[in-house]
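Peer 1: Using only what follows, build the 3D model:
(2 chains)
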Number of protein chains: 2
Amino acid sequence: MRKIQNIYDDEKFFSQYKEMRDSKINANELIEIPTIKGMLPNLKGKKILDLGCGEGEMARFFIEKGAKKVVGIDVSQNMINEAKKHEYKNLEFKILPMEEISSIDDKFDIVFSSLAFHYVEDYYKLMKDISSKLKKNGYLIFSQEHPLVTATIKTQDLPKYIEKDGKRYYYLSDYNDVGKRLIDWNVEGVVKYHRNFETIFSALKESNLRIEELLESKASEEAIKIVAKYKNLNNRPFFLFVKAKKIK
Amino acid sequence: MRKIQNIYDDEKFFSQYKEMRDSKINANELIEIPTIKGMLPNLKGKKILDLGCGEGEMARFFIEKGAKKVVGIDVSQNMINEAKKHEYKNLEFKILPMEEISSIDDKFDIVFSSLAFHYVEDYYKLMKDISSKLKKNGYLIFSQEHPLVTATIKTQDLPKYIEKDGKRYYYLSDYNDVGKRLIDWNVEGVVKYHRNFETIFSALKESNLRIEELLESKASEEAIKIVAKYKNLNNRPFFLFVKAKKIK
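Peer 2: Coordinates of the predicted model:
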């Protein structure tokens, strides 16, 4: 069997990641979470599956908003340990990689995922598995790293970007070369997967997931007031958001 | 009234453009046209409106493939003069800017456009006008410059790209700043409009145009054999292709 990456159980990675998330001054808190919350339908009475739930913050939010049942899965023992520290009724956490959701014996009104799909190698299979866990007319709502962030394979002597007249120019290459990328983030050699829009669109369509909303992250003036460099996220969006309906 | 750009009637622009197109060794012939032809449904008995038809090459192709009626419009007198040099039954050419198609008193099975939408300022109005000219279940099939080509606003001292280890790295900025761009192409200061994917998706959806296929241009091995530098089009796609159905 193919080895599934579990970087969140790397000690150095996890402690640096946790510090960043706990600080609440990060692009997740200031940009990603407000946007994706705005894409959610009414959650009252809904059954929700959260893929790559991490510490379970969104899963708890779903329960607070009236969800009937929430299942959060994550490949990381560290994350699920954190998630289980809070006790909520109708909320269940499991150590399970996203690649194995077909083992879950239930169907959901909503499948949700925040910033985790770029770790999954087989996007077509992922969408097929998600579709099989969704009820008809159910929603897949997810964020992932934007294709413009994952595309470029840099040579060692190129910086990440250059600054000219107060603006950042990022280097762009390899956009149509979809596949594996090695990134240094907290630790060296984190594996992510790049997909272009064509692949994203086609994988969802093939699994009867019809895109109803597509957003590209922008930094609000409020977020830029807190972290000035976030204005650069408008030069190159960091997150992509999709809401798709299972049509049959 | 807002002045509509008519760069194809600029003498210098037109002669350089015509030389490039007539040579048949260009990205239109080798990449764009084969891709968009592959997205067409069976044309037998169909009524087709071609927006920005240029010299009418595609319009004639539609008639050859069995279309019942084809109307080609273009803002440029030069282009329509060229188009009218060939006489085809059921094929009509008019000097008309895309901004004024609501004056056409007919409905079509297919609205087609090759590499012209990036000249139109109001994308939402364009999609609304197109939708009103389409029969229910009719198709809009178009190509336009890819958002990654139109995005970046460069400072004068930046080159278009840098080369490292045989690969081109393009500069990327201003992706989320949708709007006007001034480009030097054959002549100085050609006006184009940049849209991100969010805008494209949202404008079509608002006009009941549901995207069924989305492609990003790749250079085939065959095209790269003819023009070696086309391999760089895989680092940054040049064209975006969309096929959308009018759903109500």
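Peer 1: So which bits of chain A are right by chain B?
Peer 2: A:148, A:152, A:154-155, A:157-158, A:162, A:164-165, A:167-177, A:196-198, A:201-202, A:205, A:210-216, A:218, A:233-237 (CB under 8 Å from any CB of the partner chain). Any C-beta I mention is one placed from the backbone N, CA and C, and that applies to glycine too.
Peer 1: now those: which count as buried?
Peer 2: Listed as buried from the residues of chain A next to chain B are A:148, A:152, A:154, A:167-177, A:196-198, A:201-202, A:205, A:210-216, A:218, A:233-237; burial here means 16 or more other CB atoms under 10 Å in any protein chain shown.
Peer 1: from the residues you listed, which ones fall inside strands?
Peer 2: A:167-172, A:210-216 (DSSP state E).
Peer 1: what about the strands in chain A?
Peer 2: Counting by DSSP E, chain A has strands at residues A:47-51, A:69-74, A:91-95, A:108-114, A:134-145, A:161-164, A:167-172, A:179-185, A:187-194, A:209-216, A:239-246.
Peer 1: so what does the longest one touch, helix or strand wise?
Peer 2: Packed against strand A:134-145, as judged by 3 or more CB pairs under 8 Å, 6 or more residues apart in numbering or on different chains; DSSP states H and E, are the following elements: helix A:33-37, strand A:108-114, strand A:239-246.
Peer 1: who does the second one pair up with?
Peer 2: Read it as strand A:108-114. strand A:47-51 (parallel), strand A:134-145 (parallel) (DSSP bridges).
Peer 1: out of those, deepest packed?
Peer 2: strand A:47-51 (a mean of 25; mean count of other CB atoms under 10 Å in any protein chain shown).
Peer 1: neighbouring contacts of that strand?
Peer 2: Strand A:47-51 has contacts (CB atoms under 8 Å, 6 or more residues apart in numbering or on different chains) with A:56, A:58-59, A:62, A:67-73, A:98, A:101, A:104, A:106-114, A:116-117, A:130, A:133, A:142.
Peer 1: By mean pLDDT, point me to the weakest helix or strand of chain A.
Peer 2: helix A:11-22 (a mean of 78; mean pLDDT, DSSP states H and E).
Peer 1: Confirm for me that A:Leu140 is in contact with A:Leu134.
Peer 2: Yes - A:Leu140 lies in contact with A:Leu134 (CB atoms under 8 Å); the separation is 6.6 Å.
Peer 1: list the residues that contact both of these two?
Peer 2: Common neighbours of A:Leu140 and A:Leu134 (CB under 8 Å, 6+ apart) are A:110-111, A:246.
Peer 1: coming back round to it: mean pLDDT added to the strands of chain A, as TSV?
Peer 2: Shown next, in TSV, are the strands of chain A (pLDDT from 0 to 100):
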stretch	mean pLDDT
strand A:47-51	98
strand A:69-74	98
strand A:91-95	97
strand A:108-114	98
strand A:134-145	98
strand A:161-164	92
strand A:167-172	94
strand A:179-185	87
strand A:187-194	87
strand A:209-216	97
strand A:239-246	98
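Peer 1: Switch the ones you listed over to TSV; also include distance to B:His86.
Peer 2: TSV is the format used below for the strands of chain A (distance: least, CB to CB, whole Å):
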stretch	distance to B:His86
strand A:47-51	56
strand A:69-74	62
strand A:91-95	67
strand A:108-114	54
strand A:134-145	49
strand A:161-164	49
strand A:167-172	41
strand A:179-185	45
strand A:187-194	45
strand A:209-216	40
strand A:239-246	45
